[in-house]
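>>> only geometry, no sequence info:
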């Protein structure tokens, strides 16, 4: 097997599936059981027209009102850079809308040995929605504290 085959360059599907599994493990470290990989995501979901089977991963935090639908991407630039395609955002946004979920990209610098290796990308609309939800929780918390001090 050549060095490029070992790194997954010849087998992008295998490399992507490994990153999906690894992302679930990493995300579940802080919040066990929150994330799951969707087996056969994409093609099976499209063929069956089943929204739950379309995203690569689904996350559901008990403290959030919506689930998160995620597309996982590994590489696309190597260990020092990442090329992000707008089509990825559009695809996961459409899939998330079918599930009333928030869309997210889970990205990995392929081959990075130190520093930032993994990161999340969301669009401004998702950011604003998250900030509004957190503001609501904050205001509720402040109100409850004030009631407790009376």
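Perfect, thanks for sending it. These numbers come from a predicted model, not from an experiment. Numbers count the residues shown, from 1 in each chain.

>>> counting contacts, what elements does the lengthiest helix in the chain pack onto?
Using DSSP state H to define each element, the chain has its longest helix at helix 124-148. Using 3 or more Cβ pairs under 8 Å, 6 or more residues apart in numbering; DSSP states H and E, the elements in contact with helix 124-148 are strand 102-108. Glycine gets a C-beta too; all of them are placed from N, C-alpha and C.

>>> how far out from the middle of the chain is the strand it packs on?
In this view, strand 102-108 has its centroid 3 Å away from the chain centroid, taken as Cα atoms, centre = their mean, to the nearest Å.

>>> cool, stretch 72-89 as well?
Mean-position distance between stretch 72-89 and its chain equals 13 Å (Cα atoms, centre = their mean).

>>> cool, and stretch 76-95?
Its chain's C-alpha centre and that of stretch 76-95 lie 12 Å apart, by Cα atoms, centre = their mean.

>>> show me what it is in contact with.
Stretch 76-95 is contacted by residues 51, 54-55, 69-71, 73, 103-105, 107, 109-113, 121, 123 when judged by Cβ atoms under 8 Å, 6 or more residues apart in numbering.
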